[in-house]
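# Generate coordinates for the sequence data below:
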Amino acid sequence: MPSPDWVWEFTRGYLAFFYTFVALFYTVRIVTLQRSTQQNRVFHGKRGSLNWWHHKIFGVFRVLIWMVCVWRLFFPSIDSALGILPLHAYPWLIIAGNLLLTLGFAWAIFGHFSLGSAWTSGVDQQGKMTLVTAGVYGLSRNPIYLGVLTAQLGFMLALPSAFSIVCFVVGVMTIVRQTQVEEAHLSQVFRDHYTLYCSRVRRWL
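Model prediction:
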């Protein structure tokens, strides 16, 4: 087993790289889809709606996590402001966090590409929708969100701190509530077809 200090410093660099890659992936993914379909792919919804609030909260925390991870790479002293927990002394826990972080995001990417051009972020109230039920969507109704939640758990373990715990709690609450908003919309659009799908496939796993 590598030394705790080596694992901690390796993870410092890995988190900065990982969240920079995530930011680039989503940017390229959205721009590419919008150009190929000539349609908007991100829907914030009516200002003040749950969909709107969830997007704002998730966006703020996504940027905050990326900024903190990059800052930590160049200014390690900011760790003192994050409320680092004694768990960082256990390298196996940090390694497990890195693995969950990576596997969770890989699962989310797989979910993205399983949707193909049907992928959107948020609820499109007026556009034509396609209900995808095959592939990974035959295992989970929300594989992308499941991957994000897994990655968020991994982040909490890879950077055990008060900061990551707050991010995890807010992330879980926001994603669970957004899932309910999106499933309610799908139920209205696809009605019996979606009810049958829900009876065959669980919300998570």
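
# tell me which element the most centrally placed residue in the chain falls in.
Nearest to the mean C-alpha position of the chain, by C-alpha atoms, centre = their mean, lies V148 at 3.0 Å. Using DSSP states H and E, V148 sits in helix 143-158.

# For the helix or strand that comes right after that helix, list every residue counted as buried.
For helix 143-158, the following helix or strand on the C-terminal side (DSSP H and E) is helix 162-190. For helix 162-190, burial by neighbour count (16 or more other C-beta atoms under 10 Å) applies to 163-164, 167-168, 171, 174-175, 178-179, 181-182, 185-186, 190. For the C-beta atoms, the positions are set from N, CA and C on the backbone; glycine is no exception.

# pLDDT weak spots in this structure?
127 (pLDDT under 70).

# Tell me where it has helices.
4-37, 50-74, 91-115, 143-158, 162-190, 192-200 (DSSP state H).

# Need the nearest residue in space to the residue nearest to the centre of the chain, chain neighbours excluded.
Distances taken as C-beta to C-beta, 6 or more residues apart in numbering put A108 closest to V148, at 5.4 Å, once the chain neighbours are dropped.

# Is that neighbour in contact with S140, as I believe?
No. Under the criterion of C-beta atoms under 8 Å, A108 makes no contact with S140, lying 11.3 Å away.

# between the two, what contacts are shared?
Both A108 and S140 are in contact with L146, where contact means C-beta atoms under 8 Å, 6 or more residues apart in numbering.

# wait, what's in contact with L50?
So L50 contacts 177-178, 181 (C-beta under 8 Å, 6+ apart).

# picking that back up, any chance of a markdown table for the helices of the chain, columns distance to F43?
Listed next are these as a markdown table, based on distance: least, C-beta to C-beta, whole Å:
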| stretch | distance to F43 |
| --- | --- |
| helix 4-37 | 12 |
| helix 50-74 | 7 |
| helix 91-115 | 14 |
| helix 143-158 | 15 |
| helix 162-190 | 10 |
| helix 192-200 | 19 |
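
# Can you give me the neighbour number for I30?
16 (other C-beta atoms under 10 Å).

# Please determine how far the nearest residue to it once chain neighbours are set aside is located from V28.
Excluding the flanking residues, the one nearest I30 by C-beta to C-beta, 6+ apart is R41, at 5.3 Å. Per C-beta to C-beta, to the nearest Å, R41 is found 12 Å from V28.

# which of the two has more neighbours?
R41 (18 against 10).
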